[in-house]
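A.B. asks: task: produce atomic coordinates for the following.
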Amino acid sequence: MQNISPHEAKLHANAIRRCNLFVFIKGAFAALHPGTMLSKDNYIKTLCFELQEAATTDGGRLIITMPPRYLKSIAASIVLPAWILGSDGASKILVASYADALATDHARLFRKLVTSAFYRSVFPEAGTPPAVNNVTQFQTSAGGGRRAVTVGGSVTGIGGDLIILDDPLKASDATSGANRENVRRFYDDTLYTRLNDKRVGSVIVVQQRLHQDDLIAHLLEKGTFRHVNFPAIAEKEETYRLYYNYNWTREKGEALAAGREGIDVLGQIKADMGEAAFRTQYQQDPASAGSTMLDFSKVTVLDGDGGDIRPLKVVQTWDTAIKDGPNCDYSVGITFAWDNEMWIVLDVVRRLMKFGDLKAAARQYHKKWKPTLVLGEDSANGSALVNDLRREELFEFKTIGVHGSKQERFATAVEWLENGTLVLLRGAPYFEELRRELIGFPEGRHDDQVDAISLFVKRAKSRRSIERRRETIVTAF
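C.D. replies: Numbering: from 1, shown residues only. Sure thing, here's the model as predicted:
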């Protein structure tokens with residue numbers, strides 16, 4: 001094997017750094033934090049791979065959710081823009097954060113990196129003095145650069161080829177519905193419109209989860225974003241992508257950064273900050289942070305998907321949205337089966353539907369499950385749906401008037417869920433989404449499945465009862 005000189009080795013290493021963000025970040029981290037070594041955890045490799053692919057792919061859309069202090073801001077807001085501008089000084093990059101102080105800190109670290117000897121060594125042609133270099137803007141001589149903005153601030157006249165949104169909401173503001181709505185509006189109405197070319201421009205969002213109704217939930221509903229999630233403790237086996245078509249598999253129960261914050265340390269963090277905050281910010285699961293109404297640990301969940309159930313009676317309820325559209329409520333139809341022991345949530349359909357599609361779905365699911373009774377709320381589209389289908393004389397429909405708050409109506413359903421009268425199926429396709437909504441109520445953004453269940457229980461408890469072999473009694477309708 002031919003020996004190469006130190007100079008040739010350095011040239012080779014820098015060539016790799018220019019095409020591989022993970023290799024670059026190792027040297028960049030040392031330049032930003034001298035004397036501190038970057039950890040070798042696999043998640044950092046995946047983080048860099050996903051950021052690089054989203055930023056260099058036309059129309060890239062990426063969400064990364066991960067705990068605080070796990071390198072997301074350094075990687076996404078500081079190192080990634082520097083790496084891109086090193087090769088393409090004409091690129092325009094907007095980086096948005098929730099506060100001026102945070103945006104300023106990131107901008108200063110960015111300038112520290114791009115003026116370092118390490119950076120000039122990797123990107124020697126990017127070493128010319130910038131045309132503009134102030135607290136919020138770094139503009140290259142080629143006309144590109146990095147621009148720091150704050151959520152809610154003005155971005156008039158600013159355009160970007162890449163938009164990076166890093167922690168758009170402060171943790172203490174997450175409980176405010178108005179604050180969460182302001183972030184959503186800022187993204188939809190302001191920040192997204194700043195992409196120079198919507199076809200090829202990329203958007204990257206990195207944050208810790210703070211609420212069920214945060215920007216992440218809003219963006220995921222659009223269906224255009226790739227979501228890479230890093231809970232502090234793996235709750236299931238999951239495979240992540242790496243460079244060169246490699247993957248790494250994270251085992252259930254494995255800590256994300258075992259050498260720095262292992263299971264013992266994470267247990268202490270959980271004890272210090274509380275279950276709800278830990279579930280949200282560290283596990284990225286705000287829906288499981290806890291409900292003020294339902295103790296899900298008391299809910300009976302059966303294994304399987306219901307394929308072997310032979311119900312004695314089937315009832316369906318529909319909770320219908322007033323309007324359709326990306327920001328509107330879902331229309332939900334739930335099928336309940338009585339097996340002489342309990343009521344089982346057999347099937348759930350949950351979609352954004354126009355009224356014609358809603359009627360078609362009602363017909364489809366009636367044909368599939370052949371319910372003896374279909375219930376709808378006596379308001380808005382619910383009455384219209386019942387009246388239209390009742391005229392077809394296909395099956396029995398009834399509308400039910402609702403009174404009181406959603407919480408008051410759900411309280412009765414909570415009793416049935418916690419005492420085993422109404423049970424769920426773990427293997428059913430609906431399970432995870434329904435579980436999250438039940439646990440998150442009443443703080444969650446959507447409550448359509450909750451309303452459908454409440455409507456069913458209201459009807460069921462108002463009818464005469466029959467004896468059960470277990471515990472209490474249940475309606476015979």
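A.B. asks: need phi/psi at the nearest residue to residue 41 once chain neighbours are set aside.
C.D. replies: Distances taken as C-beta to C-beta, 6 or more residues apart in numbering place residue 257 nearest to residue 41, at 4.8 Å, with adjacent residues excluded. In short, each C-beta sits where N, CA and C put it, glycine included. Note on residue 257: its backbone torsions stand at phi -130, psi 80 [degrees, to the nearest 10].
A.B. asks: how close does residue 257 sit to residue 45?
C.D. replies: 12 Å (C-beta to C-beta, to the nearest Å).
A.B. asks: helices of the stretch 51-200 of the chain, residue ranges please.
C.D. replies: Ranges of helices in the stretch 51-200 of the chain, per DSSP state H, counting those that start in this stretch, are 72-73, 80-87, 100-114, 117-122, 177-185.
A.B. asks: hang on, I meant the stretch 351-477 of the chain
C.D. replies: Under DSSP H, counting those that start in this stretch, the stretch 351-477 of the chain gives helices at 355-369, 380-391, 406-419, 431-440, 448-462.
A.B. asks: please identify the most buried of those helices.
C.D. replies: helix 448-462 (a mean of 23; mean count of other C-beta atoms under 10 Å).
A.B. asks: could you give the angle of it to helix 431-440?
C.D. replies: In terms of direction (axes from the mean of the first three to the mean of the last three C-alpha atoms, to 10 degrees), helix 448-462 departs from helix 431-440 by 80 degrees.
A.B. asks: name the helices or strands packed onto helix 448-462?
C.D. replies: strand 313-319, strand 331-338, strand 343-351, strand 373-377, strand 397-400, helix 406-419, helix 431-440, strand 473-475 (3 or more C-beta pairs under 8 Å, 6 or more residues apart in numbering; DSSP states H and E).
A.B. asks: which among these is found nearest to residue 265?
C.D. replies: helix 431-440 (26.3 Å; C-beta to C-beta).
A.B. asks: now that closest one, how far from the chain's geometric center?
C.D. replies: 14 Å (C-alpha atoms, centre = their mean, to the nearest Å).
A.B. asks: coming back round to it: can you tell me which of the helices of the stretch 51-200 of the chain is packed in deepest?
C.D. replies: Of those, helix 80-87 is the most buried (mean count of other C-beta under 10 Å), at a mean of 24.
A.B. asks: tell me the angle that helix makes with helix 100-114.
C.D. replies: Using the same axes, to 10 degrees, helix 80-87 lies at 40 degrees relative to helix 100-114.
A.B. asks: buried set for stretch 226-236?
C.D. replies: 228, 230-234 (16 or more other C-beta atoms under 10 Å).
A.B. asks: how far away from the center of its chain is that stretch?
C.D. replies: On C-alpha atoms, centre = their mean, the centre of stretch 226-236 falls 11 Å from that of its chain.
A.B. asks: just the endpoints, please. Distance across that stretch?
C.D. replies: One end of stretch 226-236 to the other measures 19 Å (C-alpha to C-alpha, to the nearest Å).
A.B. asks: which residues touch residue 280?
C.D. replies: 208-211, 286, 289 (C-beta atoms under 8 Å, 6 or more residues apart in numbering).
A.B. asks: what do you get for residue 351?
C.D. replies: Neighbours of residue 351 in contact, by C-beta under 8 Å, 6+ apart: 330-331, 357, 361.
A.B. asks: to what extent is residue 69 buried, counted in neighbours?
C.D. replies: Residue neighbour count, defined by other C-beta atoms under 10 Å, stands at 11 for residue 69.
A.B. asks: what pLDDT is listed against residue 473?
C.D. replies: Residue 473 carries a pLDDT score of 35 in this model.
A.B. asks: typo on my end, residue 326
C.D. replies: With respect to pLDDT, residue 326 has a value of 49.
A.B. asks: what's around the closest residue to residue 200 other than its chain neighbours, how many residues?
C.D. replies: Nearest residue to residue 200, sequence neighbours excluded (C-beta to C-beta, 6+ apart): residue 58, at 4.1 Å. Burial of residue 58 is recorded as 9 neighbouring residues (other C-beta under 10 Å).
A.B. asks: same check, this time on residue 150
C.D. replies: 19.
A.B. asks: go on, the one 5 residues further on?
C.D. replies: By the other C-beta under 10 Å criterion, the neighbourhood of residue 155 contains 18 residues.
A.B. asks: my guess is it meets residue 149, correct?
C.D. replies: Yes: with contact defined as C-beta atoms under 8 Å, residue 155 and residue 149 form a contacting pair (5.3 Å).
A.B. asks: find residues that contact each of the two.
C.D. replies: 94, 191.
A.B. asks: give the contact list for the closest residue in space to residue 300 that isn't next to it in sequence.
C.D. replies: With C-beta to C-beta, 6+ apart as the criterion, residue 300 has its nearest non-adjacent residue at 4.1 Å, and that residue is residue 423. Counting by C-beta under 8 Å, 6+ apart, residue 423 touches 299-302, 342-345.
A.B. asks: now do residue 423, the pLDDT please.
C.D. replies: 96.
A.B. asks: do the same with residue 30
C.D. replies: 95.
A.B. asks: repeat for residue 271
C.D. replies: 93.
A.B. asks: same deal with residue 3?
C.D. replies: So, for residue 3, pLDDT stands at 78.
A.B. asks: quick one: contacts for it?
C.D. replies: Taking C-beta under 8 Å, 6+ apart, we find residue 3 in contact with no residue.
A.B. asks: for residue 255, grab the count of nearby residues.
C.D. replies: Neighbours of residue 255 (other C-beta under 10 Å): 19.
A.B. asks: pretty sure it sits against residue 269.
C.D. replies: No: counting by C-beta under 8 Å, residue 255 does not reach residue 269; the two are 11.1 Å apart.
A.B. asks: need the residues touching each of those two.
C.D. replies: In contact with both residue 255 and residue 269: residue 261, using C-beta under 8 Å, 6+ apart.
A.B. asks: before we move on, the earlier item: now the weakest link among the helices of the stretch 51-200 of the chain, please, by mean pLDDT.
C.D. replies: helix 177-185 has the lowest average pLDDT among these, namely a mean of 88.
A.B. asks: ok, residues contacting it?
C.D. replies: By C-beta under 8 Å, 6+ apart, helix 177-185 touches 151-152, 168-169, 173-174, 211, 213-215, 218.
A.B. asks: the helix or strand that it is followed by pairs with which strands?
C.D. replies: For helix 177-185, the following helix or strand on the C-terminal side (DSSP states H and E) is strand 202-207. With DSSP bridges as the test, strand 202-207 is paired with strand 61-65 (parallel), strand 162-166 (parallel).
A.B. asks: so residue 279, which of the three states?
C.D. replies: helix (DSSP: H, G, I helix; E, B strand; the rest coil).
A.B. asks: separation between it and residue 450?
C.D. replies: Taking C-beta to C-beta, one finds residue 279 at 20 Å from residue 450.
A.B. asks: residue 3 now?
C.D. replies: 70 Å.
A.B. asks: equivalent analysis for residue 250, please.
C.D. replies: 32 Å.
A.B. asks: same check, this time on residue 185
C.D. replies: 26 Å.
A.B. asks: now residue 294, nearest residue through space, not along the chain?
C.D. replies: Leaving out its chain neighbours, the residue that sits closest to residue 294 by C-beta to C-beta, 6+ apart is residue 414, at 5.1 Å.
A.B. asks: show the pLDDT at the one you found.
C.D. replies: 92.
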